[in-house]
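Asks: Predicted coordinates and the sequence they were generated for:
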Number of protein chains: 2
Amino acid sequence: MARTTREHRPAAERREQLLDAAVEVMRAGGVAAATTRAVADRAGLPQGAFHYCFRSKDELFGALLERELDASLGRAWAAVTAAGDLESGIAGALGAILDRVRSDPEYHLLTAELVDVAARTPDLAHVAAREHGAYVEQAERMLRGWTDAGGVPLAVPARAVAESLVAASTGITSAWLASRDDAAAEATVALLARGVALAATPR
Amino acid sequence: MARTTREHRPAAERREQLLDAAVEVMRAGGVAAATTRAVADRAGLPQGAFHYCFRSKDELFGALLERELDASLGRAWAAVTAAGDLESGIAGALGAILDRVRSDPEYHLLTAELVDVAARTPDLAHVAAREHGAYVEQAERMLRGWTDAGGVPLAVPARAVAESLVAASTGITSAWLASRDDAAAEATVALLARGVALAATPR
DNA sequence: GTCTATACGTGGATAGAC
DNA sequence: GTCTATCCACGTATAGAC
């Protein structure tokens, strides 16, 4: 027998429910699949619920973008702790990111698509830019952690090295997502790690 | 006064018209904006014309993907001709790609989105993979051209260097598309070019 | 072969009941 | 605050005129 009434829950909780559901729907079918109906259905809510949690689909989209990118950011360079020399530290970091992508390709395909869409949408462009900046900053912090502790001096600004690492990780990631070629990805990790380390260290 | 009849043109020509129109529509509004109506309108054709040129929207999408990626590929590393040493050759190549992206950001945002969508779509995943492979191959050919001519030996397989260059160019491109930071992008080009050259050359 | 008119489904959003 | 019923615009595809 169908339940006629539904438990009343605070709107904030419903929002989270809907955001979770949106991610699930998008994982399976991409951004285009996330209609208000599909998202609400997945969340086990009536379609109308959508519009008293979010004013519009665009608003959900913005909220989703911020939440997922922040979450993704938090996990990005986290796995990397210690490092012997600079090269193996960088290789470890790039390898860790690659592993995360390999363990959940759909999710990372989704975040890539989200960033693309955000970069095009005027209201959301700043989110993509801010996210990129935060990503670089985190890489820079990681680098400084190593250099301060291990006494490895850099021949170039840490910021520039950080930018290069972010570019490298993005490139490696999207190459793997397109080709699914493990060997090539690992070779690229090794070569770029070696290269960045060499270019960043005084000779 | 409205023209009541329309000139009859061969279907192949209509297809090109529609593909051109699809690119224009997508540049402005992303992949999602490319509805059959919008595309046909932009091409100056009735909506129904769509369906005797393409069996479905998916078919247009596949055709578009192949055409644009092939075109993009043809232009990718073409600007680079000669090079003094390996490092400046690589820097020139990466810089040329960055310039192309800067001169037409919407278009490159679009190709990025197209690749994302293709990678997710089962029927189209092979297109993304093939494109990536072709891209690497072209970079490898460029490298071989330099090494054969200039007598610059490589310490690692040319293929691995090529993979790294493709990853680097992708990463640099998407960083710039997100941040629009010219200085950072140029610094990354320089650092990665230097790094790849150092890592690829016997020490 | 080319084009028009139209059917049918889907999607976003709202008004108002509970 | 929560939910239902419904509106209207849009999107794809087809049937059939020219």
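Replies: On my side now, so go ahead. Numbers count the residues shown, from 1 in each chain, chains lettered A, B, ... in the order given.
Asks: Alongside DNA strand C, which residues does chain A contribute?
Replies: A:35-38, A:47-48, A:51, A:55-58 (C-beta under 7 Å from any atom of the strand). For glycine as for every other residue, the C-beta is placed from the backbone atoms N, C-alpha and C.
Asks: Take those and keep only those in helices.
Replies: By the criterion of DSSP state H, membership of these in helices covers A:36-38, A:51, A:57-58.
Asks: And the buried ones among these, selectable in PyMOL?
Replies: Per 16 or more other C-beta atoms under 10 Å in any protein chain shown, the buried members of these correspond to this PyMOL selection:
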select buried, chain A and resi 36+38
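Asks: Reformat the residues of chain A next to DNA strand C as JSON lines; add pLDDT and distance to chain B.
Replies: Listed next are those as JSON lines, based on pLDDT from 0 to 100; distance: C-beta to the nearest C-beta, whole Å:
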{"residue": "A:Thr35", "pLDDT": "96", "distance to chain B": "12"}
{"residue": "A:Thr36", "pLDDT": "96", "distance to chain B": "15"}
{"residue": "A:Arg37", "pLDDT": "95", "distance to chain B": "16"}
{"residue": "A:Ala38", "pLDDT": "96", "distance to chain B": "15"}
{"residue": "A:Gln47", "pLDDT": "95", "distance to chain B": "20"}
{"residue": "A:Gly48", "pLDDT": "92", "distance to chain B": "23"}
{"residue": "A:His51", "pLDDT": "95", "distance to chain B": "20"}
{"residue": "A:Arg55", "pLDDT": "94", "distance to chain B": "20"}
{"residue": "A:Ser56", "pLDDT": "95", "distance to chain B": "15"}
{"residue": "A:Lys57", "pLDDT": "95", "distance to chain B": "11"}
{"residue": "A:Asp58", "pLDDT": "92", "distance to chain B": "12"}
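Asks: Most widely separated two among those?
Replies: A:Ala38 and A:Arg55 (18.6 Å; C-beta to C-beta).
Asks: Nearest residue to the middle of chain A?
Replies: Central residue of chain A (C-alpha atoms, centre = their mean): A:Ser72, 3.8 Å from the mean position.
Asks: and that one, what does it touch?
Replies: Residues counted as contacts of A:Ser72 (C-beta atoms under 8 Å, 6 or more residues apart in numbering or on different chains) are A:Thr111.
Asks: And it, which helix or strand is it part of?
Replies: If you go by DSSP states H and E, A:Ser72 is part of helix A:57-76.
Asks: Check whether that helix comes close enough to DNA strand D to count as a contact.
Replies: No - using C-beta under 7 Å from any atom of the strand, helix A:57-76 never reaches DNA strand D; the gap is at least 13.2 Å.
Asks: now for the helix or strand just after that helix, which elements pack on it?
Replies: Under the assignment DSSP H and E, the closest C-terminal helix or strand after helix A:57-76 is helix A:86-103. Applying 3 or more C-beta pairs under 8 Å, 6 or more residues apart in numbering or on different chains; DSSP states H and E, one finds that helix A:86-103 contacts helix A:125-150, helix A:158-179, helix A:182-200.
Asks: could you give me the average pLDDT of helix A:86-103?
Replies: Computed over helix A:86-103, the mean pLDDT rounds to 95.
Asks: Quick one: residues contacting A:Ala197.
Replies: Contact analysis of A:Ala197 by C-beta under 8 Å, 6+ apart lists A:85-87, A:90, B:195.
Asks: I figured A:Asp20 hits A:Leu45, correct?
Replies: No - the pair A:Asp20 / A:Leu45 is not scored as a contact, 11.4 Å apart, by C-beta atoms under 8 Å.
Asks: Of the two, which one has the most company?
Replies: Neighbours were counted for A:Asp20 and for A:Leu45 using other C-beta atoms under 10 Å in any protein chain shown; A:Leu45 has more, 18 against 15.
Asks: does that one count as helix, strand or coil?
Replies: coil (DSSP: H, G, I helix; E, B strand; the rest coil).
Asks: do you know how far it is from DNA strand C?
Replies: From A:Leu45 across to DNA strand C, the span is 12 Å (C-beta to the nearest atom of the strand, to the nearest Å).
Asks: What is the neighbour count of the residue lying closest to A:Ala184 once chain neighbours are set aside?
Replies: The shortest distance from A:Ala184 to any non-neighbouring residue, by C-beta to C-beta, 6 or more residues apart in numbering or on different chains, is to B:Glu163 (5.1 Å). Using other C-beta under 10 Å, B:Glu163 has 28 other residues around it.
Asks: so B:Glu163 sits right up against A:Thr188, yeah?
Replies: Yes - with contact defined as C-beta under 8 Å, B:Glu163 reaches A:Thr188; the gap is 4.9 Å.
Asks: re the thing from before, which one of the helices and strands packed on helix A:86-103 has the most crowded surroundings?
Replies: With neighbours defined as mean count of other C-beta atoms under 10 Å in any protein chain shown, the helices and strands packed on helix A:86-103 peak in mean count at helix A:158-179, which reaches a mean of 25.
Asks: what's the angle from it to helix A:125-150?
Replies: Counting by axes from the mean of the first three to the mean of the last three C-alpha atoms, to 10 degrees, helix A:158-179 lies at 120 degrees to helix A:125-150.
Asks: Show me what helix A:158-179 is packed against.
Replies: Where contact means 3+ C-beta pairs under 8 Å, 6+ apart, helix A:158-179 is packed against helix A:86-103, helix A:105-120, helix A:125-150, helix A:182-200, helix B:105-120, helix B:125-150, helix B:158-179, helix B:182-200.
Asks: roughly how far is the last one from the heart of the chain?
Replies: Here helix B:182-200 is found 21 Å from its chain centre; the criterion is C-alpha atoms, centre = their mean, to the nearest Å.
Asks: re earlier: what's the pLDDT at the residue nearest to the centre of chain A?
Replies: 86.
Asks: ok, it to chain B distance?
Replies: 14 Å (C-beta to the nearest C-beta, to the nearest Å).
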